[in-house]
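Peer 1: Requesting a structural model of the entry that follows:
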Amino acid sequence: MASEVEKPKHLKNPRRAFVKKTGKALVRKIASFQSGQSKVPDTPKIDNSHFPFLQEFVQNWEIIRDEVKGVLKFKEAIPGFHEISPDQYRLSTENNWKTFVLFGFGQRLEKNASLAPRTAEILEKVPNLQTAMFSILAPGYHIPAHKGVTKGILRSHIGLIIPKDREKCRIRVDDTITAWKEGEIFVFDDTYEHEVWNDTDEERVILLFDFDRPMKFWGRFLNATFLQVMKLTAFYQDPKKNLQTAEERLEAAIRQADANMEAMSDPAG
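Peer 2: Predicted coordinates for the structure are as follows:
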């Protein structure tokens with residue numbers, strides 16, 4: 001299981017461990033303040049009515065699904081979550097959880113976004129978007145219980161390619177269990193403990209994106225400050241570097257596929 005995976009050597013650096021421990025303590029202290037500053041309920045799942053911009057995803061979910069189907073043609077070149085964010089080694093193992101990132105830390109990944117242009121266009125309308133990705137979960141995989149980093153960010157999922165036996169493909173957030181459904185979107189606070197199961201023999205694909213929690217002024221100020229500090233650490237710098245490498249790897253795979261197709265269509269070949 002993912003929880004039994006040994007920590008990679010480069011993550012055992014004492015300084016990194018200190019920063020992580022200190023950061024977690026700080027997050028716990030500011031969470032209650034952020035909760036008090038929130039303009040939406042501080043509950044595990046939050047009703048869609050608080051986020052009018054979600055409706056465009058529902059209206060265009062089939063277009064988004066078709067774009068991810070195009071991306072999946074190059075699935076072998078799509079990295080595992082732990083290859084992008086090494087600190088997630090307990091959650092993501094081998095090729096069980098792949099992530100095709102469109103936006104990382106508020107920045108659009110142009111090469112990836114060019115493969116899903118309509119999806120990227122809709123995502124750009126999300127207020128204070130932080131991260132967005134196609135999340136691809138292998139059959140039979142379980143992502144163990146874990147918690148997110150900050151209450152200042154909320155997470156949304158929309159089902160795109162869901163196993164036929166969808167009740168066996170689900171997420172638990174605190175004590176609420178939700179089975180994904182194609183074209184259905186929901187929002188949750190990932191600082192509540194959550195875990196995922198795909199107890200089917202089919203792949204599950206969703207669009208996952210994070211955005212700032214609507215808060216009063218001081219809540220927004222604190223959240224922006226926290227995120228700026230995070231960008232100075234390896235927890236930001238490592239994924240940023242890995243995202244660039246992943247984009248280049250996928251671009252190379254696409255060039256090779258194009259070259260193969262051209263060779264096959266060449267009468268002289």
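
Peer 1: where exactly do the helices run in this protein?
Peer 2: Counting by DSSP state H, the chain has these helices, from start to end: 14-37, 55-59, 61-71, 81-84, 110-113, 117-123, 217-230, 234-265.

Peer 1: which stretches of the stretch 1-150 of the chain have low pLDDT?
Peer 2: When the per-residue scores of the stretch 1-150 of the chain are filtered using pLDDT under 70, the ranges that remain are 1-25, 85-90, 92-94.

Peer 1: any idea how far Phe100 is from the nearest residue to Glu248 once chain neighbours are set aside?
Peer 2: For Glu248, the nearest residue in space outside its immediate sequence neighbours is Lys111; the separation is 7.9 Å by C-beta to C-beta, 6 or more residues apart in numbering. All C-beta spots, glycine's among them, are computed from the backbone N, C-alpha and C. Per C-beta to C-beta, to the nearest Å, Lys111 is found 11 Å from Phe100.

Peer 1: ok, these two, which is more surrounded?
Peer 2: Per other C-beta atoms under 10 Å, whichever of Lys111 and Phe100 has more neighbours is Phe100, with 27 against 14.

Peer 1: Bridge partners for the more buried one, pull those for me.
Peer 2: On the basis of DSSP bridges, Phe100 takes part in beta bridges with Phe134.

Peer 1: hang on, isn't it packed against Leu109?
Peer 2: No - using C-beta atoms under 8 Å, Phe100 is not in contact with Leu109, being 9.4 Å away.

Peer 1: and stretch 100-114, how far apart are its ends?
Peer 2: Across its full length, stretch 100-114 reaches 12 Å end to end, with C-alpha to C-alpha, to the nearest Å as the criterion.

Peer 1: how distant is it from the center of its chain?
Peer 2: Here the centre of stretch 100-114 is set off from its chain's centre by 11 Å, with C-alpha atoms, centre = their mean, to the nearest Å.
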